[in-house]
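no letters, just coordinates:
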């Protein structure tokens, strides 16, 4: 476990983001909650911290999956609550994430609005909200919002999905 790295991801609802990352090989832990950065991004926004083994899944792959499983090019009115972001834990990770994001921009028809931000602080969700999809995948919210993202994951990134 000492070889794990971590990165933060925000986009849509953290229940959705949590469910996507929990399905990935190499992801050992997903902490669901709220992340704050600095400057204009100092308010808390729904996000997750992903603890991953880079020998199994790379930061590049995690970012690519994240970009494809939330509205990474939509600047809607709820972006403060659902900030599209990659939260980094070091200057090196920030540089790496910037290069990855720039490289993947060409795969999208619209400009990505996902920002790379330094991690400042995390507040976990209440216990009753953690593992939201795993607790009861038959809830209407899960069927309406989470399952379509998991379908994208299975269709486009099946080699990274854990066997159930």
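On my side now, so go ahead. This is a predicted model, so every value here is computed, not measured. Residues are numbered from 1 along each chain as shown.

can you list the weak-confidence ranges in the protein?
Low-confidence segments of the chain, defined by pLDDT under 70, span residues 1, 73-79, 164.

the longest strand along the chain packs against which elements?
Criterion DSSP state E: the longest strand present in the chain is strand 27-36. The contact analysis (3 or more Cβ pairs under 8 Å, 6 or more residues apart in numbering; DSSP states H and E) places strand 27-36 against helix 14-22, strand 45-52, strand 121-124. Placement of C-beta: from N, CA and C, glycine included.

which one of the ones you listed lies closest to residue 137?
Taking Cβ to Cβ as the criterion, residue 137 comes closest to helix 14-22 out of the helices and strands packed on strand 27-36, the separation being 8.5 Å.

show me what the closest one is in contact with.
Outside helix 14-22, the residues that touch it by Cβ atoms under 8 Å, 6 or more residues apart in numbering are 9-11, 27, 30, 32-34, 46-48, 50, 62, 65-66, 69-70, 125, 129-134, 141-142, 145-146, 149-150, 153.

same thing but 7 Å
Applying Cβ atoms under 7 Å, 6 or more residues apart in numbering, the contact partners of helix 14-22 are 9, 11, 27, 30, 32-33, 46-48, 50, 65, 69-70, 125, 132-134, 145-146, 149-150, 153.

and the helices and strands packed on strand 27-36: which comes nearest residue 4?
Distances from residue 4 to each of the helices and strands packed on strand 27-36 were compared by Cβ to Cβ, and the smallest falls on strand 45-52, at 4.9 Å.

got the angle between the closest one and helix 14-22?
Between the axes of strand 45-52 and helix 14-22, defined by axes from the mean of the first three to the mean of the last three Cα atoms, to 10 degrees, the angle is 10 degrees.

tell me how far strand 45-52 lies from the chain's centre.
Taking the mean of its C-alpha atoms, strand 45-52 sits 6 Å from the chain's own mean (Cα atoms, centre = their mean, to the nearest Å).

so for the next helix or strand after that strand, what gets flagged as buried?
The element immediately downstream of strand 45-52 (helix or strand, assigned by DSSP states H and E) is helix 59-68. In terms of neighbour count (16 or more other Cβ atoms under 10 Å), helix 59-68 has its buried residues at 59, 60, 61, 62, 63, 64, 65, 66, 67, 68.

the fourth one touches residue 52, doesn't it?
When you say that, I think you mean residue 62. Yes: counting by Cβ atoms under 7 Å, residue 62 does reach residue 52; the two are 6.5 Å apart.
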